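Q: Based on what follows, work out the 3D shape:
(one chain, ligands or ions: 1)
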Amino acid sequence: MPASRLQLTGICKAFGATQALAGVDFSAAAGEVHALVGENGAGKSTLMNVLSGVIPPDTGAMTLEGAPFRPRSPLEARRAGVVMVNQELAIAPHLTVLENIVLGAEPARILLRHAEARQRATEALRQLGRSDIPLDAPAASLGIAAQQFVEIARALALGCRVLVLDEPTSSLSQADIEHLFRLVRRLRDQGHAIVYISHFLEEVQALSDRYTVLRDGVSVATGRTSETSTAELARLMVGRQVSELYTRSPRQSGDVILEVRELGGIAKPVSASLELRRGEVLGIAGLIGAGRSELLRAIFGLDPVVRGRVRLGLAFGAGSPTRRWAEGAGLLSEDRKTEGLALDLSVVDNFTLPRLAPWLRPAALARETSRWIEQLGVRCAGPRQRVGDLSGGNQQKVALGRLLRNGADVLLLDEPTRGVDIGAKQNIYRLIDELANQGKAVLMVSSYLPELLGTCDRIAVMCRGVLGPARPVSTWTEHGIMLAATGAAAA
Ligand SMILES: Nc1ncnc2c1ncn2[C@@H]1O[C@H](COP(=O)(O)OP(=O)(O)OP(=O)(O)O)[C@@H](O)[C@H]1O
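A: Modelled structure (predicted):
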């Protein structure tokens with residue numbers, strides 16, 4: 001084992017009464033990809049925030065290449081060579097690629113005037129194997145994957161020695177994921193220490209050399225990935241054996257409750273037709289940008305419908321979200337931060353506000369919310385905790401719980417398990433199955449094919465805004481879905 005480039009020992013951090021980190025030991029060596037895994041709320045983001053200077057630890061020690069490392073700000077951490085690339089990218093959209101790459105280099109404004117800036121940026125992109133990204137293009141004109149590369153290029157231009165990637169694949173297409181993996185391996189081979197956070201244990205297996213598992217703010221296990229199975233990793237994270245992940249009971253579907261005919265939006269969808277029956281889970285697969293979210297949004301009345309028609313229950317015609325709620329439909333948005341949740345309000349308020357029953361006392365609402373918290377495994381201090389203070393995955397569980405609590409008959413779920421840990425995924429799949437068995441209908445968009453194949457009764461694939469026919473799940477394979485999604489095969 002090479003000597004540690006980065007060493008964290010006994011790190012503790014509390015937020016009020018919440019002990020987010022209760023003694024974490026972690027190390028990353030030069031030339032390795034070290035995966036950090038754990039359930040939602042286990043403390044991964046908090047640990048990385050400590051490492052990257054966003055928050056100070058309460059106790060514990062950090063060293064970088066043997067020297068004490070105590071960054072007081074992200075800038076200080078970056079200058080020392082520790083750079084974090086988050087899910088929400090920190091790209092300045094109005095600046096050019098070049099400006100973004102040298103941003104933060106000291107002194108940036110002077111550097112920008114020099115040919116040296118171009119040289120540094122060109123070299124960083126070359127190191128990534130992405131010399132095709134034009135230096136003078138505005139960052140906003142690039143796709144998500146290219147923006148992510150620009151952010152990594154910035155890290156390299158800054159002389160990064162430890163690169164932290166937090167759930168980097170959550171918004172990437174399969175092709176971009178493969179490209180990113182190649183890049184991460186390349187950086188590893190160049191001697192960088194890479195910390196890789198992911199809920200996708202398959203990714204952890206494919207990419208990492210070592211792993212550390214956090215549970216309840218404590219590092220409970222570390223080891224070589226090649227010597228540890230995915231099932232064992234899941235057991236270490238959750239603290240129990242995670243048996244069958246997916247649930248799909250045999251069931252009979254009932255009447256058509258949602259009918260969509262040749263639906264078209266402003267840009268997407270181009271054309272989508274489907275029938276969704278009671279007691280059925282219908283999955284929509286497709287590449288990122290294919291128009292899947294836009295389809296759900298158009299059905300729910302969040303985006304304008306330009307062509308075609310929607311029938312929900314007995315009601316025809318375009319609807320506003322308020323009307324759709326009244327008709328018994330609910331949408332779990334892909335973007336829970338801007339559309340899903342009121343981050344400043346408590347868990348109980350988020351659960352109960354959309355359909356407040358004035359006759360219920362606050363104590364009764366809190367009790368009901370506590371039951372949901374338990375059922376979905378939301379890790380929080382209690383119903384009164386502010387939702388904005390929950391970890392990302394736990395926020396997702398609250399958004400889903402709110403939809404379920406409000407008794408929707410037709411559930412439109414956009415990436416329902418994004419950012420959710422494996423134990424909670426299992427609970428969500430069981431809930432979806434129960435809902436279908438109760439006669440509810442679920443239309444589910446997901447980029448995670450095993451989940452679609454494991455939970456849906458039928459799957460339809462969207463390609464460039466056009467939805468293909470829904471076919472029984474038994475007739476699909478991952479490969480077949482990918483072919484249909486890329487337009488390489490007629491669905
Ligand atoms: N600013 C904050 N105020 C209060 N509590 C917080 C704050 N930030 C994090 N926490 C709490 O600390 C704990 C650890 O959260 P953290 O975000 O580190 O988890 P995580 O492992 O990154 O989870 P996820 O997989 O969902 O992203 C959680 O219980 C969370 O509610």
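Q: Relative to residue 417, how far out is residue 233?
A: 17 Å (C-beta to C-beta, to the nearest Å). For the C-beta atoms, the positions are set from N, CA and C on the backbone; glycine is no exception.
Q: One more: residue 173?
A: Counting by C-beta to C-beta, the gap between residue 173 and residue 417 amounts to 18 Å.
Q: Please save the CA atoms from stretch 15-24 in PDB.
A: Extracted C-alpha coordinates of stretch 15-24, given in PDB (Å, rounded to 0.1, in the frame of the first residue of the first chain):
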ATOM      1  CA  PHE A  15     -24.900  20.200  14.300                       C
ATOM      2  CA  GLY A  16     -26.800  21.100  17.400                       C
ATOM      3  CA  ALA A  17     -28.100  17.800  18.800                       C
ATOM      4  CA  THR A  18     -27.200  15.900  15.600                       C
ATOM      5  CA  GLN A  19     -23.900  14.100  15.800                       C
ATOM      6  CA  ALA A  20     -23.100  14.000  12.100                       C
ATOM      7  CA  LEU A  21     -19.600  12.600  12.500                       C
ATOM      8  CA  ALA A  22     -18.700  10.600  15.600                       C
ATOM      9  CA  GLY A  23     -15.100   9.500  14.900                       C
ATOM     10  CA  VAL A  24     -14.100   9.000  11.300                       C
END
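Q: so, in contact with the ligand or not, it?
A: Yes - interface with the ligand: stretch 15-24 contributes 15, 18, 20 (C-beta under 6 Å from any ligand atom).
Q: Could you identify which of these has the most neighbours?
A: residue 20 (23 neighbours; other C-beta atoms under 10 Å).
Q: give the contact list for residue 398.
A: By C-beta atoms under 8 Å, 6 or more residues apart in numbering, the contact set of residue 398 is 341, 347, 350, 351, 376, 378, 387, 390.
Q: how does it look with 7 Å?
A: 341, 347, 350, 378, 387, 390 (C-beta atoms under 7 Å, 6 or more residues apart in numbering).
Q: what do you get for residue 331?
A: 296, 300, 412.
Q: Any stretches of the chain with poor pLDDT?
A: 1-3, 104-113, 314, 316-318, 336-339, 354-360, 489-491 (pLDDT under 70).
Q: What count of nearby residues applies to the residue nearest to residue 234 when sequence neighbours are not counted?
A: Nearest residue to residue 234, sequence neighbours excluded (C-beta to C-beta, 6 or more residues apart in numbering): residue 242, at 4.3 Å. For residue 242, the neighbour count with other C-beta under 10 Å is 18.
Q: What residues does the chain have near the ligand?
A: 15, 18, 20, 38, 40-46, 379, 389-394.
Q: What subset of those is buried?
A: 18, 20, 38, 40-46, 379, 389-394 (16 or more other C-beta atoms under 10 Å).
Q: Out of those residues, name the ones that lie in helices.
A: 44, 45, 46, 392, 393, 394 (DSSP state H).
Q: The fourth one reaches residue 421, doesn't it?
A: When you say that, I think you mean residue 392. No - using C-beta atoms under 7 Å, residue 392 makes no contact with residue 421, being 10.5 Å away.
Q: Now do the SS call for residue 433.
A: helix (DSSP: H, G, I helix; E, B strand; the rest coil).
Q: What are the neighbouring residues in contact with it?
A: Here residue 433 is in contact with 247, 248, 249 (C-beta under 7 Å, 6+ apart).
Q: can you count the residues close to the residue lying closest to residue 189 once chain neighbours are set aside?
A: In space, residue 189 comes closest to residue 31 once its chain neighbours are excluded; the distance is 7.1 Å by C-beta to C-beta, 6+ apart. Residue 31: 16 surrounding residues under other C-beta under 10 Å.
Q: The one 5 residues further on too?
A: The tally of other residues near residue 36 (other C-beta under 10 Å) stands at 28.
Q: which residues touch the helix or strand harbouring it?
A: Here residue 36, judged by DSSP states H and E, is contained in strand 32-38. Strand 32-38 is contacted from outside by 28, 44, 184, 188, 193-198, 204, 207-215, 225, 233, 237, using C-beta under 7 Å, 6+ apart.
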